[in-house]
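Visitor: sequence first, then the predicted structure, then my questions.
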Amino acid sequence: MGGRHMSSTNWPPDFSAENEFVRVEPLCIDHADDLRDAARDLGQLWYTPIPTPDGVEAEIERRLALREAGSMLPFAIVDKAGKAAGMTTYMNIDAANRHIEIGSTWYAPRLQRTGANTACKLLLLTHAFEKLDCIAVEFRTHRLNTQSRKAIEGLGAQLDGILRSHKIMPNGTVRDTAVYSITAAEWPAIKAHLEWQLEKPRG
C-alpha cells in the first residue's frame, strides 16, 4: 500500500477526518487562539506535560518543528462548534516499519468524559490501519497516570510492558513508561468495539 514507499520526511501525509463527535485536522498556528481558551481551565498534572495558555503557541511551534523533521504529525482536535479544543499527534514515526505512536494528547474540560477521546482515537486508528497500512500503533504513558492508562486500556490496547527509569520528567522525577499497542490483526475487532462504545447512550 501507499505507506510502503514513502520516506520518513513525508509519511504520513497530512489528512483530516471527522465523525459526529470531533474532527482532527493538521495543527497550525491559526489554532492558537482557540487552544489558549481550551487550555485555560486545564489543571496541571506533575506526571504529564499540559501546555498553559501562555505556552500554547510555543507548543504548537515545537510540534510543527517535529513535523518538519519527520518524527511527528500533529493535529488539532476540533469540536462540533468548530473550535479547536485539544491536540493529539502521530509521533515516534517509523516509516520503514509502518509503525506509529498516538500520543501527546490533551482535551479541553468540555470534551472530557463525552466520548471525544474514543471518537478521536477511532479516527486516528482507522487512518493508521486502513490508509497507512500500519502493522502496529503504540500508546505510552506514565506508569502512575492511572486515568490515561484506563483510557488506553478502554480502547482495547494491550500492555506490552513497563520501561523502568525510562525518562527524566521536567520536575526531576524519573518516569516509568507503560507501553501499550494495538496490532493490525487486532484492529477489526477493536474497531467494532470502539464503534459500539460510541453508539451507547451516555448519561
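Guide: Alright, I've got the coordinates. Numbers count the residues shown, from 1 in each chain.
Visitor: residue boundaries of the helices in this structure?
Guide: 32-39, 56-69, 116-130, 146-155, 187-199 (DSSP state H).
Visitor: measure the residue nearest to residue 161 when sequence neighbours are not counted to residue 160 for me?
Guide: Spatial nearest neighbour of residue 161, excluding adjacent residues (C-beta to C-beta, 6 or more residues apart in numbering): residue 179 at 5.8 Å. Any C-beta I mention is one placed from the backbone N, CA and C, and that applies to glycine too. Between residue 179 and residue 160 the computed distance is 5 Å (C-beta to C-beta, to the nearest Å).
Visitor: which regions of this structure sit below the pLDDT cut-off?
Guide: For the chain, the stretches with pLDDT under 70 are 1-9, 43-47, 201-203.
Visitor: recalculate using a threshold of 50.
Guide: 1-8 (pLDDT under 50).
Visitor: tell me where it has strands.
Guide: 17-18, 23-26, 72-78, 84-94, 99-107, 136-142, 158-168, 174-183 (DSSP state E).
Visitor: counting neighbours, what do you get for the nearest residue to residue 57 once chain neighbours are set aside?
Guide: Nearest residue to residue 57, sequence neighbours excluded (C-beta to C-beta, 6+ apart): residue 32, at 5.0 Å. Residues near residue 32, counting by other C-beta atoms under 10 Å, number 19.
Visitor: for the one 5 residues further on, same thing?
Guide: If you count neighbours by other C-beta under 10 Å, residue 37 ends up with 15.
Visitor: relative to residue 83, how far out is it?
Guide: Taken as C-beta to C-beta, the span from residue 37 to residue 83 is 8 Å.
Visitor: swap in residue 32?
Guide: Distance from residue 32 to residue 83, counting by C-beta to C-beta: 12 Å.
Visitor: show me the contacts for the residue nearest to residue 161.
Guide: Counting by C-beta atoms under 8 Å, 6 or more residues apart in numbering, residue 179 makes contact with 138, 139, 140, 159, 160, 161, 162, 163.
Visitor: got the helices of the chain as CSV, with distance to residue 102 columns?
Guide: Formatted as CSV, the helices of the chain follow (distance: least, C-beta to C-beta, whole Å):
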stretch, distance to residue 102
helix 32-39, 19
helix 56-69, 14
helix 116-130, 5
helix 146-155, 9
helix 187-199, 13
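Visitor: wait, which of the contacts of residue 179 is closest to residue 54?
Guide: residue 140 (26.6 Å; C-beta to C-beta).
Visitor: list the contacts of that closest one.
Guide: 101, 103, 177, 178, 179, 180.
Visitor: same deal with residue 117?
Guide: Here residue 117 is in contact with 105, 107, 111, 151 (C-beta under 8 Å, 6+ apart).
Visitor: which one among these gets closest to residue 53?
Guide: Using C-beta to C-beta, the contacts of residue 117 come closest to residue 53 at residue 107, 14.9 Å.
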